[in-house]
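Colleague: Sequence first, then the predicted structure:
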Amino acid sequence: MFATAWAELSRLWRFGIENGLYAEHILNKLEGIRKYVEEYANRLR
C-alpha cells in the first residue's frame, strides 16, 4: 500500500519540480507526507 502511495507522491513531486510548479504549500505538504511515510516505513522494519 505504501509503495503505491509513495510512487504516486514521488511522481507528483517530480512533476511539480520539472514544470516549475513551485506552489510552496503544495511542496511543503508533499515533503511532510514523504517524511511521514519514510519514518513509518522505518518503524515497520
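Modeller: Sure thing, it's come through. Numbering: from 1, shown residues only.

Colleague: so where is this protein shaky, pLDDT-wise?
Modeller: Scanning the chain for pLDDT under 70 picks out 1-3, 21-23.

Colleague: helices and strands around the helix ranked longest in it, which ones?
Modeller: For the chain, the longest helix by residue count, based on DSSP state H, is helix 24-44. When contacts are defined as 3 or more CB pairs under 8 Å, 6 or more residues apart in numbering; DSSP states H and E, helix 24-44 packs onto helix 2-18. Yep, even glycine has a C-beta here, placed from its N, CA and C like the rest.

Colleague: List the buried residues in the helix it packs on.
Modeller: Neighbour counts over helix 2-18 (16 or more other CB atoms under 10 Å) mark Leu9, Trp13 as buried.

Colleague: on contacts alone, who are the packing partners of it?
Modeller: Under the contact criterion of 3+ CB pairs under 8 Å, 6+ apart, helix 2-18 touches helix 24-44.

Colleague: got the buried residues for the helix it packs on?
Modeller: Neighbour counts using 16+ other CB under 10 Å place Val37 of helix 24-44 among the buried residues.

Colleague: All set now, cheers.
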